[in-house]
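Undergrad: Dropping a prediction and its sequence here:
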Amino acid sequence: MPRKQASLPAKAPRESLAEIVQQVFPEDANHVGNVLGGRVAHLVDIAGGLAAMRHAGRVVVTARIGELDFREPIHIGEFVLARARVVFAGRTSVEVHVEVFAENPLSRERRLTTRAEVTYVAIDDARKPVAVPAVRPESVEEKRLFEEAKAAYDSRKRNARA
Ligand SMILES: CC(C)(COP(=O)(O)OP(=O)(O)OC[C@H]1O[C@@H](n2cnc3c(N)ncnc32)[C@H](O)[C@@H]1OP(=O)(O)O)[C@@H](O)C(=O)NCCC(=O)NCCS
C-alpha cells in the first residue's frame, strides 16, 4: 500500500539538521592550496542527503543542485563543516539548504565559504518516488525559507507543465 504524505506527521527542520566535519588534506586541493570545487560539492551532497534522509525516513537520490555558490576558498589544514537544513518538502521531494564553513582549529576563526540548494527525491524499494512528511517550519527564518522554497517549487511545476 503506497503511503500518502497526509498520513505522515510533519517534521520540523531541527529534527533532520545534519552536520559533517572533515579535515582538508593536500590531495583535496589544487596547485594553489584551495580545496577543489568538486570536493566541496561532494561534501554538500553528503550532508544534504543526510538531512533529506533524516526527514524522509527513506533513501533519497539527488535530483537537482539548484545553486552552488563558492564565495571563499578553503585551504589545506583547515577543517570544513557542512551544515544541511531541510527547508521544504513537496510530495516526494525534499529541498535542502547547505552551508559550508571553513574553520582554523587553532584560532577557532570560522567563515562561510559555500552555499548550496539541493533537491532530493525519496525512493522506495522499487526505486520509485515515495511520499515524504511535510515540513513544519518553526522560527521566523524557517518560515521565510519555507515560503521561498515553496514558491520556487511551484514555479518549477508550472514551467514543467508549460
Ligand atoms: C529523481 C528521480 C527519482 C525522479 O524520478 P521521476 O520518475 O522523474 O519522478 P517524478 O516525475 O514522479 O517526480 C518525483 C519528484 O521528483 C521531483 N523532481 C524530479 N526531477 C527533478 C529535478 N530535476 N529537479 C527538482 N525536482 C525534481 C518532482 O518535482 C517530484 O517532486 P514532488 O513529488 O515533490 O512533486 C529520477 O529522475 C532519478 O532517478 N534521477 C537520477 C538520480 C540520481 O542518480 N542522482 C545522482 C546524481 S547523478
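TA: Cool, the structure landed.

Undergrad: From residue 46, how far off is the residue nearest to residue 75 when sequence neighbours are not counted?
TA: In space, not counting the residues next to it along the chain, residue 75 is nearest to residue 33; the distance is 5.5 Å by Cβ to Cβ, 6 or more residues apart in numbering. In short, each C-beta sits where N, CA and C put it, glycine included. Going from residue 33 to residue 46 by Cβ to Cβ, to the nearest Å gives 23 Å.

Undergrad: Residue 10 and residue 134 touch, don't they?
TA: Yes. Taking contacts as Cβ atoms under 8 Å, residue 10 lies within contact range of residue 134: 4.2 Å.

Undergrad: more crowded one of those two?
TA: residue 134 (17 against 13; other Cβ atoms under 10 Å).

Undergrad: What distance do you get for residue 39 to the ligand?
TA: For residue 39, the distance to the ligand equals 16 Å [Cβ to the nearest ligand atom, to the nearest Å].

Undergrad: and that residue, what does it touch?
TA: When contacts are counted by Cβ atoms under 8 Å, 6 or more residues apart in numbering, residue 39 touches residue 28.
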